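From the sequence below, what's the structure:
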Amino acid sequence: MHYGSMIDYESPIAPYRQVAAILRERITSGQYRPGQRLPSINDLVQEFGVARTTAGKALRLLVDEGVAELSQGMGFYVRGI
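The predicted structure is shown next:
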């Protein structure tokens, strides 16, 4: 599924926050479960049509919020409850 149109560049909400919100919703809904690997930066770039830095900031925001964790060299994972 391609959500590029879901990113509203006219919105006062930064694109990386919009991507993080979509990922957060997928985690909340159970689409991504605790311990499951989240999409890579490259996957997010393709799916949402955003820059690599935007995708990376979205994933790091989820880490900062305690929703995800980074496993060095492995990727980002949904944090266990």
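
what ranges do the helices span in this protein?
With DSSP state H applied, the chain shows helices at 15-28, 41-48, 52-64, listed in chain order.

and the last one, what does it pack onto?
Counting contacts by 3 or more CB pairs under 8 Å, 6 or more residues apart in numbering; DSSP states H and E, helix 52-64 packs against helix 15-28, helix 41-48, strand 68-71, strand 75-78. Backbone N, C-alpha and C define where each C-beta goes, glycine included.

Contacts for the last one, please.
Counting by CB atoms under 8 Å, 6 or more residues apart in numbering, the neighbours of strand 75-78 from elsewhere in the structure are 27, 32-38, 40, 59, 62-63, 67-71.

Around the closest residue to residue 80 other than its chain neighbours, count how many other residues there are.
Nearest residue to residue 80 in three dimensions, chain neighbours excluded: residue 34, at 4.3 Å (CB to CB, 6 or more residues apart in numbering). Using other CB atoms under 10 Å, residue 34 has 11 other residues around it.

Got the phi and psi for the residue lying farthest from the centre of the chain?
Within the chain, the residue lying farthest from the chain centre (CA atoms, centre = their mean) is residue 10, at 19.8 Å. Taking degrees, to the nearest 10, you get phi -90, psi -10 for the backbone angles of residue 10.
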